[in-house]
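Participant: Take this sequence and fold it.
(one chain, ligands or ions: 1)
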Amino acid sequence: MIPYGKHHIDEDDIQAVVDILRSSFLTQGPAVEAFEKAVAEYVGVKYAVAVSSGTAALHLAALAAGVGPGTSVVTSPITFVASANASRYCGGDVLFADIDPETVNMSPDALREVLLKNSNVKAIIPVHFAGLPCDMVTIKNLADEAGAVVIEDAAHALGATYLNGRRVGCCENSLMTIFSFHPVKAIAAGEGGMITTNDEAVYRRLLRLRSHGINKMNDQFMVFDQAKTKEKLNPWYYEMQELGYHYRITDIQCGLALSQFKKLDKFIKRRREIAKKYDEAISNSSVFTPVQISGRENSGHHLYVLKIDFDKLGSDRASFMMSLRDKDIITQVHYMPIPMHPFYRGLGFVPDHYPNSVDYYQKCLSIPIYYSLSEHEQCFVVDAITLR
Ligand SMILES: *Cc1c(COP(=O)(O)O)cnc(C)c1O
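Facilitator: Below is the predicted model of the structure:
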């Protein structure tokens with residue numbers, strides 16, 4: 001089977017997990033902080049908080065941004081549902097800004113219009129689709145004008161860089177950035193996520209929210225007569241200061257993630273080669289067009305998406321996918337626009353209000369791209385797609 005995406009585990013990764021299993025901590029131990037520190041240093045940010053999933057990271061980021069009833073979040077229609085659900089978890093509303101067909105990222109012009117028509121936007125969640133960074137300078141300016149904060153959904157973009165060469169996650173134009181370590185993403189933790197920020201108050205709040213809302217480090221206590229005896233801190237004492245969650249990640253997961261992280265640059269380099277080869281293979285095709293051609297060097301290459309003219313191909317997408325599956329090649333559609341999902345339709349969303357997203361959705365297909373895809377396998381995929 002050749003899936004559209006896949007993790008790559010080597011003996012070092014296995015040993016890293018075994019080492020954790022033989023250590024004193026399966027959770028709440030040193031591997032969590034070590035992983036946070038490694039990612040923070042790599043992306044160039046002050047603080048990082050590792051959590052149980054990318055979805056948990058989005059939920060906590062939305063809470064820390066102040067999203068709640070009476071406020072809303074703007075995101076892209078073309079993303080995984082978690083980008084939008086984060087606002088609903090907090091009781092906030094969701095607004096969508098249509099994509100730019102060239103980048104498949106949220107269009108800054110569409111965002112500007114949404115912000116003109118809606119007040120009370122608390123946060124903007126741009127998604128670096130397939131690993132291609134959004135125009136963060138423009139988005140940040142629009143957010144500032146609207147009094148909103150920016151949370152970058154970089155679930156696809158660990159290892160990607162902005163035009164100025166800085167890494168996604170450095171938060172130079174956002175309050176927070178989130179990552180996912182699901183096996184199909186750049187590095188695998190089994191399940192896992194992370195939030196990065198340069199804001200100390202946000203960092204402290206995230207630490208509390210990750211673990212039941214219980215105070216952390218040298219947070220101020222609220223109830224002094226319980227906290228201290230004769231001016232000295234009571235050894236048993238902790239306080240739950242707000243309603244938090246149990247979104248902790250384990251040391252087992254962080255041991256694996258740390259080992260995987262050492263290979264990130266190698267992983268991205270190989271993904272880039274694969275993308276380039278696909279670009280070349282379809283460069284003269286009138287049926288298949290690559291997306292996100294400009295900015296390739298900066299992308300994390302999480303996905304390789306083809307835009308397909310199914311009329312010219314003489315097949316519909318389902319039949320085409322099934323014919324590839326018969327050759328053990330698994331493709332996928334990323335994504336059906338979120339407003340088309342029954343839950344969001346039920347909230348009154350109308351897919352036709354996002355014409356670029358609907359048009360993209362009708363033509364897109366993600367084909368295999370991952371570190372261990374061999375040259376031979378890629379040739380097989382190219383032939384299966386183009387030599388019909
Ligand atoms: C994978 C993904 C998430 C959620 O990450 P999990 O770790 O699976 O919870 C969020 N946003 C996008 C764009 C994703 O692709």
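Participant: Please count neighbours and contacts with C-alpha atoms only from this point.
Facilitator: OK.
Participant: Quick one: residues in contact with stretch 72-91.
Facilitator: Stretch 72-91 is touched from outside by 55, 58-59, 62-63, 67-70, 92-99, 104-106, 111, 120-127, 129, 153, 334-339, 354, 357, with contacts defined as CA atoms under 8 Å, 6 or more residues apart in numbering.
Participant: Kindly export that stretch (C-alpha atoms) in PDB.
Facilitator: The C-alpha trace of stretch 72-91 is given here as PDB (Å, rounded to 0.1, in the frame of the first residue of the first chain):
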ATOM      1  CA  SER A  72     -16.100  34.900  17.100                       C
ATOM      2  CA  VAL A  73     -13.100  33.400  15.300                       C
ATOM      3  CA  VAL A  74     -12.300  33.700  11.600                       C
ATOM      4  CA  THR A  75     -10.600  30.800   9.900                       C
ATOM      5  CA  SER A  76     -10.300  29.200   6.400                       C
ATOM      6  CA  PRO A  77     -13.000  27.000   5.000                       C
ATOM      7  CA  ILE A  78     -10.300  24.700   3.600                       C
ATOM      8  CA  THR A  79      -8.800  23.100   6.700                       C
ATOM      9  CA  PHE A  80      -9.400  20.200   9.100                       C
ATOM     10  CA  VAL A  81     -12.500  20.800  11.200                       C
ATOM     11  CA  ALA A  82     -10.500  21.300  14.400                       C
ATOM     12  CA  SER A  83      -9.400  24.800  13.300                       C
ATOM     13  CA  ALA A  84     -13.100  25.900  13.400                       C
ATOM     14  CA  ASN A  85     -14.300  23.700  16.300                       C
ATOM     15  CA  ALA A  86     -11.800  25.400  18.700                       C
ATOM     16  CA  SER A  87     -14.000  28.400  18.800                       C
ATOM     17  CA  ARG A  88     -17.200  26.400  19.300                       C
ATOM     18  CA  TYR A  89     -15.600  24.600  22.300                       C
ATOM     19  CA  CYS A  90     -15.200  28.000  24.000                       C
ATOM     20  CA  GLY A  91     -18.800  29.000  23.200                       C
END
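Participant: can that stretch be found next to the ligand?
Facilitator: Yes - interface with the ligand: stretch 72-91 contributes 79-80, 82-83 (CA under 6 Å from any ligand atom).
Participant: pLDDT averaged over that stretch - what is it?
Facilitator: For stretch 72-91, mean pLDDT rounds to 98.
Participant: among the residues of stretch 72-91 next to the ligand, who's most crowded?
Facilitator: With neighbours taken as other CA atoms under 10 Å, the top of the residues of stretch 72-91 next to the ligand is residue 83, carrying 29 neighbours.
Participant: So what would you say the end-to-end distance of stretch 216-229 is?
Facilitator: For stretch 216-229, the first and last residues are 20 Å from each other (CA to CA, to the nearest Å).
Participant: Quick check on the residue of the stretch 101-250 of the chain with the smallest separation from the ligand: phi, psi?
Facilitator: Here the stretch 101-250 of the chain gets closest to the ligand at one residue, residue 180, 4.2 Å apart by CA to the nearest ligand atom. Main-chain torsions, residue 180, degrees, to the nearest 10: phi -130, psi 140.
Participant: ok so, going back, so which of the residues of stretch 72-91 next to the ligand belong to helices?
Facilitator: Using DSSP state H, 82-83 are the members of the residues of stretch 72-91 next to the ligand that sit in helices.
Participant: any chance of the residues of stretch 72-91 next to the ligand in a markdown table, plus distance to residue 292?
Facilitator: Shown next, in a markdown table, are these (distance: CA to CA, whole Å):
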| residue | distance to residue 292 |
| --- | --- |
| 79 | 15 |
| 80 | 18 |
| 82 | 23 |
| 83 | 21 |
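Participant: Find the pair from the residues of stretch 72-91 next to the ligand with maximum spatial separation.
Facilitator: Using CA to CA, the pair of the residues of stretch 72-91 next to the ligand lying farthest apart is 79 and 82, separated by 8.1 Å.
Participant: How about the residues of the stretch 101-250 of the chain by the ligand?
Facilitator: By the rule CA under 6 Å from any ligand atom, the part of the stretch 101-250 of the chain lying against the ligand is 153, 155-156, 180-182, 191-193.
Participant: Sort out for me which of those are in strands.
Facilitator: 153, 180, 193 (DSSP state E).
Participant: returning to that earlier point: so what's the residue of the stretch 101-250 of the chain closest to the ligand bridging to?
Facilitator: Per DSSP bridges, the residues bridged to residue 180 are residue 193.
Participant: Burial check on it, number of neighbours?
Facilitator: Counted with other CA under 10 Å, residue 180 comes out at 31.
Participant: ok, now the one 10 residues further on?
Facilitator: When counting by other CA under 10 Å, one arrives at 17 neighbours for residue 190.
Participant: what do you get for residue 327?
Facilitator: Residue 327: 13 neighbours (other CA under 10 Å).
Participant: and it, what is it in contact with?
Facilitator: residue 384.
Participant: give me that answer again for 10 Å
Facilitator: Counting by CA atoms under 10 Å, 6 or more residues apart in numbering, residue 327 touches 1-2, 380-381, 384.
Participant: ok, back up a step: show me just the buried residues among the contacts of stretch 72-91.
Facilitator: Buried members of those, counted by 16 or more other CA atoms under 10 Å: 55, 58-59, 62-63, 67-68, 92-99, 104-106, 111, 121-127, 129, 153, 334-339, 354, 357.
Participant: Narrow these to those in strands?
Facilitator: 93-96, 121-125, 153.
Participant: With distance to residue 364 as added columns, please give these in CSV.
Facilitator: Below are those laid out as CSV (distance: CA to CA, whole Å):
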residue, distance to residue 364
93, 28
94, 24
95, 23
96, 20
121, 30
122, 31
123, 28
124, 25
125, 22
153, 21
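Participant: CSV for the contacts of residue 327, including neighbour count, secondary structure and distance to the ligand?
Facilitator: Formatted as CSV, the contacts of residue 327 follow (neighbours: other CA atoms under 10 Å; DSSP: H, G, I helix; E, B strand; the rest coil; distance: CA to the nearest ligand atom, whole Å):
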residue, neighbour count, secondary structure, distance to the ligand
1, 8, coil, 22
2, 20, strand, 20
380, 14, helix, 27
381, 21, helix, 23
384, 14, helix, 27
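Participant: Noted, bye for now.
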